[in-house]
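> Next one to model:
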Amino acid sequence: MRMLVGATSTIFILNHGLTLVDIGLMKTIQSFIYFLFDIPSSYLADKFGRKFAIILSTTFGGVWLIITGIADSKYLFYIAEIFNSISLTILGGVFYSYLIDNSLNDNDTHKILGESNKLQFLFMAIFSIIGSLITDFDDRLVWLIAGSGCIILSVSLSWFLPKSITKNRQPNLSFLKEIKTSIAMLKDNKNYLFITSISLSSSLLYFQIILQYWQPLINYIIEELGVSIFFGIVFSAILLSQSISGWIISKNEDNNKNHLYSIVILLVCSLTCIYGVYEKNHITTISTIIMFGANQVMTTSLRSNYHQIIPSELRSTFDSFISTITRLIAVIVIPLIALITENFGWIYFPILISLIISINILCYFFIKKHHKRKPTWNPKS
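Numbers count the residues shown, from 1 in each chain. Model (predicted):
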């Protein structure tokens, strides 16, 4: 339901009086909320069940959509963003954990995540086209429809969503004892886990940046604010590229090769994007679409490697550590990019995101050589 507004959400906000700096500040608020609630909410989901967390996230998402749809002042947009941030915080920590542990074979993580991405982004593409058509008729109506749909969906999920599965959970263990035990479990893989976490965090940061700024970037190229059908088509192409990335991941078991290929493609796209921005050419649009797909391949490959090490009962908590680190960095990076592009031009945007790719280049060589061993839960150790 969120994807009904996905193609034009940033353009909608810009059309209703907010600026790129406001958008950057909204992302800062989102990062702050992540920092406060991500790890605690994921720990509670790990301990007591992830199904309720997913339902709660969907409900908060519906409230965000409805408030945004009726907002007539900057303050209401900011209030709406608080609900959106809470929704994303809860969902981000539990979705992949719930998906992997409720699958038949949780050891085949690359295939599970690949198939999920393939179907998820395909349906998102369909909904984004529908949403862009509704937006052409009434740009507020689509937000209200999406929000109402999320509320209805959250009620339905309480009946139809399978009960969450968490293997080997020790319910009487305190939070500090679990953290201490989990660190001991992972000590043989600590270097690999550390480098993989850095690489995954940089990949997630890259995604957050291009997700936030692709609409104003392409709007700069076409120089016509609010062409909703065009943005709907582009956004659908972005989602389809991510769906294709899921298919690639599910068919190719070598995560290190997937990681390398995605790095090369992202570097090439950055170079072509620099040229496209300079010439105001639609090669920028094509490069942006490919960036999303390549980044998804990278993120899924790294996440698959990561989940092969993290035991079932700690998945959400450790996922949240990475997302918290990413959000802390995003507090600085995303507003800074907005400030630079507004003052010096969009030509600097692809240059700045290329710096993030360079982090993955350094991490790749270590990840490739490291042997992975999945630990087992032993609270008495």
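
> ok, which stretches of the chain are helices?
Taking DSSP state H to define them, one finds helices in the chain at 9-15, 20-48, 51-70, 74-101, 109-137, 141-160, 175-185, 190-222, 228-251, 255-279, 283-309, 315-344, 348-369.

> The fifth one: how far from the chain's middle?
It stands for helix 109-137. In terms of C-alpha atoms, centre = their mean, to the nearest Å, the centre of helix 109-137 is found 14 Å from the chain centre.

> Minimum distance to Met3: which of the helices of the chain has it?
helix 109-137 (4.1 Å; C-beta to C-beta). Glycine gets a C-beta too; all of them are placed from N, C-alpha and C.

> Point out the other helices and strands that that closest one packs with.
Here helix 109-137 touches helix 74-101, helix 141-160, helix 228-251, helix 283-309, going by 3 or more C-beta pairs under 8 Å, 6 or more residues apart in numbering; DSSP states H and E.

> If we use 6 Å, what do you get?
In terms of contacts (3 or more C-beta pairs under 6 Å, 6 or more residues apart in numbering; DSSP states H and E), helix 109-137 is packed against helix 141-160, helix 228-251, helix 283-309.

> List the buried residues for it?
Within helix 109-137, the residues scored as buried using 16 or more other C-beta atoms under 10 Å are 109-118, 120-122, 124-125, 127-132, 134-135.

> Report the inter-axis angle for it versus helix 228-251.
If you take axes from the mean of the first three to the mean of the last three C-alpha atoms, to 10 degrees, helix 109-137 sits at 170 degrees to helix 228-251.

> where does the stretch 201-350 of the chain have low pLDDT?
223-228, 311-314 (pLDDT under 70).

> Can you tell me which of the helices of the chain is packed in deepest?
Mean neighbour count (mean count of other C-beta atoms under 10 Å) peaks for helix 283-309 among the helices of the chain, with a mean of 24.

> now the angle from that helix to helix 74-101?
Per the same axes, to 10 degrees, the angle that helix 283-309 makes with helix 74-101 is 50 degrees.

> what's helix 283-309 packed up against?
When contacts are defined as 3+ C-beta pairs under 6 Å, 6+ apart, helix 283-309 packs onto helix 109-137, helix 190-222, helix 228-251, helix 255-279.

> Nearest to Gly17, out of those helices?
helix 190-222 (14.8 Å).

> Show me what the closest one is packed up against.
helix 283-309, helix 315-344, helix 348-369.

> can you redo those helices as a markdown table with distance to Phe32?
A markdown table is the format used below for these (distance: least, C-beta to C-beta, whole Å):
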| stretch | distance to Phe32 |
| --- | --- |
| helix 283-309 | 23 |
| helix 315-344 | 7 |
| helix 348-369 | 21 |
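
> For Leu88, find the nearest of those.
Nearest of the helices and strands packed on helix 190-222 (C-beta to C-beta): helix 315-344, 9.3 Å.

> so how far is the closest one from its chain's centroid?
Its chain's C-alpha centre and that of helix 315-344 lie 12 Å apart, by C-alpha atoms, centre = their mean.

> circling back: Asp38: which of the helices and strands packed on helix 109-137 is closest?
So among those, helix 283-309 is nearest, using C-beta to C-beta, at 16.1 Å.

> so that closest one versus helix 190-222, what angle?
Helix 283-309 runs at 160 degrees relative to helix 190-222, counting by the same axes, to 10 degrees.

> got the angle for helix 283-309 vs helix 315-344?
Using the same axes, to 10 degrees: helix 283-309 against helix 315-344 is 160 degrees.

> so how far is helix 283-309 off the chain centroid?
10 Å.

> try stretch 46-66
On C-alpha atoms, centre = their mean, the centre of stretch 46-66 falls 16 Å from the chain's centre.

> Likewise for stretch 356-374?
20 Å.

> residues in contact with it?
For stretch 356-374, the external contacting residues (C-beta atoms under 6 Å, 6 or more residues apart in numbering) are 192, 195-196, 198-199, 202, 206, 256, 259, 263, 266-267, 308-309.

> can you tell me which two in those are farthest apart?
So, the contacts of stretch 356-374 by C-beta to C-beta: farthest apart are Leu267 and Ile309, at 27.6 Å.

> hang on, Val63 packs against Phe83?
Yes: counting by C-beta atoms under 6 Å, Val63 touches Phe83, with 4.6 Å between them.

> which one of the helices and strands packed on helix 190-222 lies closest to Val155?
Of all the helices and strands packed on helix 190-222, it is helix 315-344 that lies closest to Val155, at 23.5 Å by C-beta to C-beta.
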